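Chemist: Here is a sequence together with a model predicted from it:
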Amino acid sequence: MKHYVIGVDYGTDSVRSVLVDTKDGKTLASEVFLYPRWREGRYCNPSTNQFRQHPLDHLEGLTQTVRKVMEQSGVDPRSVKAMCVDTTGSSPLPVNEQGVALAMLPEFSSNPNAMMVLWKDHTAIGEADEINQLARTWGGEDFTKYEGGIYSSEWFWAKILHITRKDPAVANAAYSWMEHCDYVTATLTGTVDPLQAKRSRCAAGHKALWHESWGGLPDKAFLSQLHPGLASLKDRLYTDTFTSDESAGTLCKEWADRLGLSETTIVAVGTFDAHAGAVGGQVTANTLVKVMGTSTCDIMITSYETLGNKLVKGICGQVDGSVVPGTIGLEAGQSGFGDVLAWYKNLISGPAIQLIQESKHLDSSQKELLVREIEEKLLVKLSEEALKIHPSESAVLALDWINGRRTPDANQLLKGAILGLTMGSDAAKVYKALVDAICFGSRRIVDRFRQEGIAIDSVVGLGGVAKKSVLVMQTMADVLNMPIKVATSEQAPALGAAMYAAVAGGIYPHVQAAIDAMGNGFDKTYTPNPEHVAAYQQSYEKYLSFGDFIESITGTIS
Ligand SMILES: Nc1ncnc2c1ncn2[C@@H]1O[C@H](COP(=O)(O)OP(=O)(O)O)[C@@H](O)[C@H]1O
Ligand SMILES: O=C(CO)[C@@H](O)[C@@H](O)COP(=O)(O)O
């Protein structure tokens, strides 16, 4: 009998589900759903870096995508052994005692503070700073030490502290808080009591200061100095955490019916998109897997023996089993990657699109076609032009920190910048400078890993930008001076989630066996162009100096 698994990958703008054959990892069906409320910009305020998402966007997307992959594939629901959900993170949301997201209750249904606080929400910069100050001075354990030594406003406690202070009604109604991946997994298994939900090791270890050596989450004495509410919340969170090769339970009747699946389907413990992506991208020791989408996550694994007692400085954590159980998962990344390019696209096309929409010369279907064409083709067009620019001709230099800097050394206050503009700086030259900048940001992460003694012998790229942009990938190979293999799978994080499901569902004994059997391999390699490498090295050095200057003037301005 054939066995199938489903991987569900929640990204920033959309969720996708894939139905995969456990024998060879072949994807039989795949479906994507764009979040409708998010697309309308509801509950968000980009000027204050407030990015919230309504859980209904996620639950509707789950139902639609899973039902569609079942329909498309025509497989017998009873042959779907297991499923696993990965999400962005840290993206926590408040829930009541029955595990219901507060945003689903009438009294909170339009309150942004009751929504899921998306990873890229930076409203808690002040609170992250407080956590860092306290961790260094309170006299006890520095709880940030396994998280690169700097806590970020993108993470769990900073976000909860911010909402607790800002909105006492939400804080009082929040019996517990759950990472998005744990919330969806608990919903699927019908786990009502948040204290019974199996919480993700990946989410807890990388974002919530969870570590076995101090018995789980930070001490109440520490949390109470931030806010008494956090100390009492600790009792309503969790102590144990679980890796995604483990089962969180089986589908409850309500969700089995909704999805058209069987109640015997096992639901694996949830995880983050990037970590699932590294599994889908067949991560091995000393390979840097770059998940290149809106942001990047740079994921590695290392053995306990290699890492020993080393604390890797300035990254987003070193966590036992966060990627492949039995190894330590290391995470770094950039808060803006494809997003930097999307920002530029909107900047240069926004007013023209507005004029088209107001035009009296076009009817509404012509306007719609034209706007869609601009939105779909602008980055492609700019990339074609930018590919013609030799790196040594580039006089424009940019910094990629328009959404702050995640690693090395998180500082979300940092800003982007562009230098060297002249009357000859056309759209393609500025675009090229931004592409160079996001690649230099990646180089800085590679340099940090190496400075910290973590060897990088090969690089794998996956995610939307790795699949779509020859310009970015070739520039990246030239800047890193290393070949980059691109994962074949169009949906590598969802494939990785499917691999976890195959282990939790008992098809494979461990994650490595699932990777070996289900890996889709690589379909392209970008090789460094020796002619470009030296020119990029010179620009990279300028980027570092420019970065030091900008950091000295914007690093503390909110
Ligand atoms: N042709 C292109 N060149 C460069 N970047 C692109 C191109 N097309 C899309 N992108 C970028 O890809 C990003 C989306 O990546 P994707 O992996 O699909 O999403 P997510 O990060 O939500 O998982 C967007 O930020 C977008 O700007
Ligand atoms: O930070 C993490 C995981 O730790 C990601 O969820 C976050 O960067 C969002 O990823 P995407 O850009 O949506 O792929």
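Modeler: Perfect, thanks for sending it. Ligands and ions are numbered 1, 2, ... in the order given.
Chemist: Now the closest residue to ligand 1 within the stretch 351-500 of the chain: closest residue in space, sequence neighbours ignored.
Modeler: As assessed by CB to the nearest ligand atom, ligand 1 sits closest to Gly464 within the stretch 351-500 of the chain, at 2.6 Å. Any C-beta I mention is one placed from the backbone N, CA and C, and that applies to glycine too. Spatial nearest neighbour of Gly464, chain neighbours left out: Gly293 (4.8 Å); criterion: CB to CB, 6 or more residues apart in numbering.
Chemist: The one you found and Lys468 touch, don't they?
Modeler: No - using CB atoms under 8 Å, Gly293 makes no contact with Lys468, being 10.2 Å away.
Chemist: Between these two, which is the more surrounded one?
Modeler: A count of neighbours by other CB atoms under 10 Å puts Gly293 above the other of Gly293 and Lys468, at 23 against 15.
Chemist: which parts of whichever strand or helix holds Ala332 are buried?
Modeler: Following DSSP states H and E, one finds Ala332 within strand 328-334. In terms of neighbour count (16 or more other CB atoms under 10 Å), strand 328-334 has its buried residues at Ile328, Gly329, Leu330, Glu331, Ala332, Gly333, Gln334.
Chemist: swap in stretch 459-472?
Modeler: Val459, Val460, Gly461, Leu462, Gly463, Gly464, Val465, Ala466, Lys467, Ser469, Leu471, Val472.
Chemist: Equivalent analysis for stretch 174-188, please.
Modeler: For stretch 174-188, a neighbour-count test (16+ other CB under 10 Å) marks 174-188 as buried.
Chemist: Then stretch 374-383?
Modeler: Going by 16+ other CB under 10 Å, stretch 374-383 has these buried residues: Ile374, Leu378, Leu379, Leu382, Ser383.
Chemist: Kindly reformat those as TSV containing secondary structure and distance to Ser322.
Modeler: Listed next are the buried residues of stretch 374-383 as TSV, based on DSSP: H, G, I helix; E, B strand; the rest coil; distance: CB to CB, whole Å:
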residue	secondary structure	distance to Ser322
Ile374	helix	40
Leu378	helix	37
Leu379	helix	32
Leu382	helix	36
Ser383	helix	34
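Chemist: can you give me the offset of the strand holding Ala332 from its chain's centre?
Modeler: Distance, stretch centre to chain centre, for strand 328-334: 11 Å (CA atoms, centre = their mean, to the nearest Å).
Chemist: and it with ligand 1, contact?
Modeler: No - contact of strand 328-334 with ligand 1 (CB under 6 Å from any ligand atom) is absent, the minimum separation being 11.2 Å.
Chemist: Check whichever residue of the stretch 401-550 of the chain sits closest to ligand 2 and give its pLDDT.
Modeler: Proximity to ligand 2, evaluated over the stretch 401-550 of the chain using CB to the nearest ligand atom, is greatest for Gly463 at 6.1 Å. Per-residue pLDDT puts Gly463 at 94.
Chemist: how about the closest residue to ligand 1 within the stretch 151-300 of the chain, what does it touch?
Modeler: Taking CB to the nearest ligand atom as the measure, the stretch 151-300 of the chain has Gly293 as its residue closest to ligand 1, at 2.3 Å. By CB atoms under 8 Å, 6 or more residues apart in numbering, the residues touching Gly293 are Gly11, Thr12, Phe337, Gly338, Gly463, Gly464, Val465.
Chemist: next one: Tyr10
Modeler: By CB under 8 Å, 6+ apart, the residues touching Tyr10 are His58, Gly61, Val85, Asp86, Thr87, Thr88, His180, Cys181, Val184, Asp273.
Chemist: Which secondary structure element is home to the third one?
Modeler: Counting by DSSP H and E, the element that carries Val85 is strand 80-87.
Chemist: cool, and the second one?
Modeler: Following DSSP H and E, one finds Gly61 within helix 55-73.
Chemist: how about the helices in the stretch 201-350 of the chain?
Modeler: Using DSSP state H, counting those that start in this stretch, the helices of the stretch 201-350 of the chain run over 201-207, 220-226, 228-234, 253-259, 273-280, 304-307, 338-358.
Chemist: domain assignment for this structure?
Modeler: 4-281+490-518, 386-488+528-554 (automatic domain parsing).
Chemist: Point out the most buried one among the ones you listed.
Modeler: domain 4-281+490-518 (a mean of 22; mean count of other CB atoms under 10 Å).
Chemist: Quick one: distance of that domain to the chain centre.
Modeler: Counting by CA atoms, centre = their mean, domain 4-281+490-518 is centred 11 Å from the centre of its parent chain.
Chemist: and it, how far apart are its ends?
Modeler: Start-to-end span of domain 4-281+490-518 (CA to CA, to the nearest Å) is 11 Å.
Chemist: Please apply the same query to stretch 224-235.
Modeler: 12 Å.
Chemist: What parts of the protein come near ligand 2?
Modeler: Residues of the chain lying near ligand 2 by CB under 6 Å from any ligand atom: 11-12, 88-89, 119, 206, 272-274, 291, 293-295, 297, 331, 333.
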